[in-house]
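mind folding the following:
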Amino acid sequence: MPRIGSNKILPNICMMVVSILAVGNEPFLKSYNGSNLATTFPALKNIQRAINEHGLGDKVKATIPQNADVYDSGTDGPSAGNFRSDIRDLMTQIVSFFQENGSPFLVNIYPFLSLYGNPDFPVEFAFFDGGAAPVVDGGISYTNMLDANLDTLVWSLKKAGATGVKVIIGEIGWPTDGDGSATVDLAKRFYDGLFKKMATKKGTPLYQEDIEYYLFSLTDENQKSVAPGDFERHWGVFQYDGKPKFLMDFKGTGNEKMPIAAKNVLYMESKWCVYNTDVKNLDKLPGNMDYACSRADCTALNHVGPCSKLDQASRISYAFNIFFQMNAQDVETCVFDGMARIVEANASTDNCLFPLALEDSAGWKIGARVGPATVLFGLLALLSVF
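Reported below is the predicted structural model:
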């Protein structure tokens with residue numbers, strides 16, 4: 001297996017503030033059908049060995065960010081927690097390696113996904129307001145899903161003989177569109193509770209150390225796969241252009257304010273592609289709508305978000321415009337069999353933004369996509385709020 005080149009990645013670590021290197025991301029998801037089981041652990045060992053050989057082993061640790069589906073407890077509470085039976089031996093080897101090398105266990109936990117995937121999941125248990133019916137396990141009362149999930153991991157580590165492994169939340173967040181439970185109001189409610197919990201620095205009933213949390217994500221990503229659901233493109237606490245979505249209280253002290261928007265954002269020309277209402281023959285309209293939405297991001301038109309409430313003509317305009325913008329305002333992408341036209345008046349409504357394409361400082365037209373530096377900062381460097 002190839003190892004990290006001595007003249008490539010590792011010397012550059014000295015130029016950055018890096019303490020953790022992620023080997024893959026959620027490689028043992030059930031949906032991958034075991035395709036990464038044979039390669040991930042050897043890759044982890046190779047990378048940590050290369051780090052050590054470059055004299056950085058005391059500062060930089062390699063780990064494998066995991067989805068919380070690598071462990072479970074059924075319906076018996078956290079104390080029944082253990083690593084999945086199909087990967088238990090492998091996970092035991094991995095967490096033993098973590099313990100020997102001082103590497104953390106990074107786990108991605110999304111209470112929203114528990115709510116999304118299970119209509120019987122108690123809604124209040126996804127939040128931190130104290131309104132949920134408690135789950136009592138061994139004398140411990142759990143009132144939120146995050147604590148219960150983390151303590152299930154604690155039990156899993158204990159049964160694997162790795163109680164000394166540090167736990168870090170590698171991803172946590174709440175989407176703002178793409179599902180009935182993915183709204184700005186619910187996202188704000190989730191983050192308000194999360195930040196108050198973080199401010200206590202008390203961890204969980206079983207893991208009482210201060211826990212590092214990393215938010216997912218910085219900005220929306222309009223090219224992310226929607227196979228799991230339309231919400232996948234709406235995890236950002238900022239819009240695609242770096243504008244904040246809602247008031248936030250990062251320190252959990254009750255002093256909420258709007259996060260600072262990105263500065264010096266360059267937009268392309270003030271041009272929008274809209275539905276030409278003069279066209280009378282609408283036979284080709286459904287096909288053109290399907291074409292636009294299969295190649296651009298129309299997820300905002302679905303579910304319960306503000307853009308879902310547009311009238312029919314505005315919905316068509318939204319679809320045509322998002323395709324036009326994601327193709328860097330190429331005039332050839334605003335035709336649609338003569339059903340579209342370019343206008344200079346902002347097509348947005350009071351509640352629904354019709355995005356303008358972005359242009360980076362080098363003049364590279366990137367459509368309505370997030371710039372690569374923003375994605376790197378938000379997803380790889382990780383945004384710590386403390």
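
which residue, other than its chain neighbours, is closest to F127?
G193 (5.4 Å; C-beta to C-beta, 6 or more residues apart in numbering). Any C-beta I mention is one placed from the backbone N, CA and C, and that applies to glycine too.

do F324 as well
In this structure, F324 finds its nearest non-sequential neighbour in C273, 3.5 Å apart by C-beta to C-beta, 6+ apart.

show me the shaky parts of the stretch 1-150 of the chain.
Low-confidence segments of the stretch 1-150 of the chain (pLDDT under 70): 1-16.

what about the strands in it?
Along the stretch 1-150 of the chain, counting by DSSP state E, counting those that start in this stretch, strands occupy 20-22, 61-63, 66-67, 71-72, 82-83, 105-108, 135-137, 140-142.

format these as CSV; extra columns: mean neighbour count.
Listed next are these as CSV, based on neighbours: other C-beta atoms under 10 Å:
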stretch, mean neighbour count
strand 20-22, 17
strand 61-63, 23
strand 66-67, 22
strand 71-72, 21
strand 82-83, 20
strand 105-108, 22
strand 135-137, 16
strand 140-142, 16
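
TSV for those strands, including distance to F41?
Below are the strands of the stretch 1-150 of the chain laid out as TSV (distance: least, C-beta to C-beta, whole Å):
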stretch	distance to F41
strand 20-22	14
strand 61-63	11
strand 66-67	12
strand 71-72	17
strand 82-83	14
strand 105-108	14
strand 135-137	31
strand 140-142	32
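
among these, which is nearest A300?
The closest of those to A300 is strand 105-108. By C-beta to C-beta, the value is 24.7 Å.

what is the closest one packed up against?
strand 66-67, helix 145-159, strand 167-172 (3 or more C-beta pairs under 8 Å, 6 or more residues apart in numbering; DSSP states H and E).

for D241, which non-adjacent residue is closest in space?
V265 (5.3 Å).

try I260
P244 (7.7 Å).

do K201 as well
Counting by C-beta to C-beta, 6+ apart, the residue nearest K201 is D210, at 4.2 Å.

now the strands for the stretch 151-300 of the chain?
Using DSSP E, counting those that start in this stretch, strands in the stretch 151-300 of the chain cover 167-172, 212-215, 272-275.

closest one to F105 among these?
Of all those, strand 167-172 comes closest under C-beta to C-beta, at 5.3 Å.

partner strands of the closest one and their direction?
When pairing is defined by DSSP bridges, strand 167-172 lines up against strand 105-108 (parallel), strand 212-215 (parallel).

circling back to that earlier point, of all the helices and strands packed on strand 105-108, which lies closest to N118?
helix 145-159 (10.9 Å).

identify the residues contacting that closest one?
Applying C-beta atoms under 8 Å, 6 or more residues apart in numbering, the external contacts of helix 145-159 come out as 68, 71-73, 77-83, 91, 95, 105, 107, 109, 111, 114, 125-126, 128, 135, 137, 140, 142, 163, 165, 167, 172, 194, 197, 203-207, 211.

what subset of those residues is buried?
Buried by 16 or more other C-beta atoms under 10 Å: 68, 71-73, 77-79, 81-83, 91, 95, 105, 107, 109, 111, 114, 125-126, 128, 135, 137, 140, 142, 165, 167, 172, 194, 197, 203-207, 211, out of those.

could you measure from the residue nearest to F324 over to F323?
Counting by C-beta to C-beta, to the nearest Å, the gap from C273 to F323 is 7 Å.

and for D147?
Here D147 is placed at a distance of 44 Å from F323 (C-beta to C-beta).

return every residue with contacts to both of C273 and F323.
With C-beta under 8 Å, 6+ apart as the test, C273 and F323 both reach T333.

OK, contacts around the residue nearest to F324?
C273 neighbours (C-beta under 8 Å, 6+ apart): 317, 320-321, 323-325, 333-334, 340-343.

count of neighbours near Q208?
The number of residues packed near Q208 is 10, by other C-beta atoms under 10 Å.

likewise for T183?
Neighbours of T183 (other C-beta under 10 Å): 20.

before we move on, what about S19?
If you count neighbours by other C-beta under 10 Å, S19 ends up with 10.

ok, it touching G57?
No - if you go by C-beta atoms under 8 Å, S19 and G57 don't touch, sitting 11.7 Å apart.

and the residue most central in space within the chain, backbone torsions?
The chain has F216 as the residue nearest its centroid, 3.9 Å off, counting by C-alpha atoms, centre = their mean. Phi and psi for F216, reported as degrees, to the nearest 10, are phi -120, psi 120.
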